[in-house]
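> What would the 3D arrangement of this be:
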Amino acid sequence: MYKKILCVTAAFMLCTNIAFANPKKSLSDVDTISNSLNTVFLSVLQGKDINSIKKDIDFVQSELNRERNEILHEIQQAEDKDKSFYYSLLSVLNYYQISLLELQYYYQSNSHQLLISAISALNQGDLMLNVIKSKI
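Numbers count the residues shown, from 1 in each chain. The predicted structure follows:
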């Protein structure tokens, strides 16, 4: 009887494709997005061409959306202890999204207060990301 249960369990484990979420990959992806955002803001502060900056903004927004969708998918499969990690990463991505929106509004209205607000949101996202990194 025990041999049958063991054989069935072993066969089930060998024939089943079990996927586990990888929190470190998500952290690495968010860190890459952070570096891209810092580059965009550096380009803005250096006064580079608006068209190339807008292309960079669109690229970073697509990466933000892709990563947000990946994290939302991984949350469903994650264990309870990892869910707070993923929600923390989502909040970092939200700060990055706010900074990009403020940057776009800055180009529409040319208000320096919006640029300061965009940089502030970026800094808050970076601070949260550093806290998350220190916990791992």
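
> can you map out the helices along the protein?
Ranges of helices within the chain are 2-15, 23-46, 50-77, 80-109, 112-135, based on DSSP state H.

> Counting neighbours, which bits of the second one end up buried?
Pointing back at helix 23-46 there. Neighbour-count burial for helix 23-46, counted by 16 or more other CB atoms under 10 Å, picks out 23, 26-27, 29-30, 33-34, 36-37, 40-41, 43-44. Just so you know, the C-beta spots here come from the backbone N, C-alpha and C atoms, and that holds for glycine as well.

> Also the last one?
Of the residues in helix 112-135, 114-115, 117-119, 121-122, 124-126, 128-129, 132 count as buried by neighbour count, 16+ other CB under 10 Å.

> That helix packs against which elements?
Secondary-structure packing of helix 112-135 (3 or more CB pairs under 8 Å, 6 or more residues apart in numbering; DSSP states H and E): helix 23-46, helix 80-109.

> Nearest to Arg66, out of the ones you listed?
Proximity to Arg66 (CB to CB) singles out helix 23-46 among these, at 8.6 Å.

> what's in contact with that closest one?
Contacts with helix 23-46, where a contact means CB atoms under 8 Å, 6 or more residues apart in numbering, come from 52-53, 56-57, 59-60, 63-64, 67, 70-71, 74, 78, 82, 85-86, 89, 92-93, 96, 99-100, 103, 115, 118-119, 122, 125-126, 129, 132-133, 136.

> Identify the residue nearest the geometric centre of the chain.
Nearest to the mean C-alpha position of the chain, counting by CA atoms, centre = their mean, stands Val30 at 3.7 Å.

> where's that residue relative to Ile71, distance?
To Ile71, Val30 is 8 Å away according to CB to CB, to the nearest Å.

> got it, and Gln97?
In this structure, Gln97 and Ile71 are 13 Å apart, going by CB to CB.
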